[in-house]
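Colleague: Next one to model:
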Amino acid sequence: MNRFLRDKRVTGIDYAGNIRIKSILLVSCWLLLLMFYNCGSNGNDNAKAEKLSFEVNDSLLGPAFEVQAANKLLYPPSGFASIPDSLLQIFIKQQTILAKEFANIELVGMFFDSLYNSGLMVSVFNDLYLGSDTTVIIEKYRNSLEEFYGADQVKTGDFLINDIYVKNFLITDSLYIRFQLLCLSENDQAMELHYFILKKHYQQLLKAIESSMGTIQLIEQGG
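Modeller: Okay, the predicted model is just below:
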């Protein structure tokens, strides 16, 4: 069994450096998932979602990050350092456009790679879970993205990772590839992941991002 399926340690990464994070509203993803996107997709389509397997390279991963409130965990890329809590609190206070419209989205962790100016934000999406009325909530979520970025810049799709239903949003702009995942399971709060990758560093980070996404799982799966 791979390390990421059995290790439940929640370990922070010491980070000392000048973090320069500017104009980051949402988060990132990579282009290999384009085949899974369908601009007309919305709502709870977990019954139709395809299982997606990732090649997970343990050497490209850092320690596990556990989100107790959502009963889920993942392993961020190894170069993505956990930011200090004092800085995290600043980001929490400076809510994004989505956080303003969705007060139930709670930022719980942020990781940043100062070499590549890319990172990951982890949030809990309270009151969103399989079995709830996801269609209206997710449609409102998507509309907010389209209003900010433009409808032609937002693509959506569905897949399963380790039996967790993922609603994904691919967003590209002049600088970043942004991939937002809403990770849902029955009776658990949803986990929202935002990967943001500077376009010019996409190739260097692709394998690490793919490995990280392949570790998304329920906490009990790590036992």
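Colleague: Kindly list the longest helix within the chain.
Modeller: Ranked by number of residues, the top helix in the chain under DSSP state H is helix 134-149.
Colleague: which residues in this structure form helices?
Modeller: Remark: helices assigned in the chain by DSSP H are 85-93, 97-101, 134-149, 202-213.
Colleague: ranking those by burial, who's on top?
Modeller: Of the helices of the chain, the one with the most neighbours on average (mean count of other Cβ atoms under 10 Å) is helix 202-213, at a mean of 20. Bear in mind the C-beta positions are built from the backbone N, C-alpha and C, glycine included.
Colleague: Give me the mean pLDDT for that one.
Modeller: The predicted model assigns helix 202-213 a mean pLDDT of 93.
Colleague: now the helices of the chain in CSV, with distance to residue 127?
Modeller: Listed next are the helices of the chain as CSV, based on distance: least, Cβ to Cβ, whole Å:
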stretch, distance to residue 127
helix 85-93, 18
helix 97-101, 14
helix 134-149, 8
helix 202-213, 24
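Colleague: didn't residue 74 look like it was pressed against residue 216?
Modeller: Yes. With contact defined as Cβ atoms under 8 Å, residue 74 and residue 216 form a contacting pair (4.8 Å).
Colleague: Pick out whichever of the two has more residues nearby.
Modeller: Between residue 74 and residue 216, counted using other Cβ atoms under 10 Å, the more crowded position is residue 74 (25 against 21).
Colleague: residues in contact with the spatially most central residue of the chain?
Modeller: Closest residue to the average C-alpha location of the chain: residue 193 at 1.7 Å, with Cα atoms, centre = their mean. Going by Cβ atoms under 8 Å, 6 or more residues apart in numbering, residue 193 touches 27, 74, 120-123, 179-181, 183, 213, 216.
Colleague: now swap in residue 188 and tell me
Modeller: By Cβ under 8 Å, 6+ apart, residue 188 lies in contact with 70-72, 129, 218.
Colleague: Narrow these to those in strands?
Modeller: 72, 218 (DSSP state E).
Colleague: for the contacts of residue 188, which one is nearest residue 204?
Modeller: Ranked by distance to residue 204 (Cβ to Cβ), the contacts of residue 188 are led by residue 72 at 27.0 Å.
Colleague: Residue 215 is in contact with that closest one, correct?
Modeller: No. The pair residue 72 / residue 215 is not scored as a contact, 10.3 Å apart, by Cβ under 8 Å.
Colleague: Please report the distance of residue 161 from residue 143.
Modeller: Residue 161 is 25 Å from residue 143, where distance means Cβ to Cβ, to the nearest Å.
Colleague: go on, residue 88?
Modeller: Residue 88 is 28 Å from residue 143, by Cβ to Cβ.
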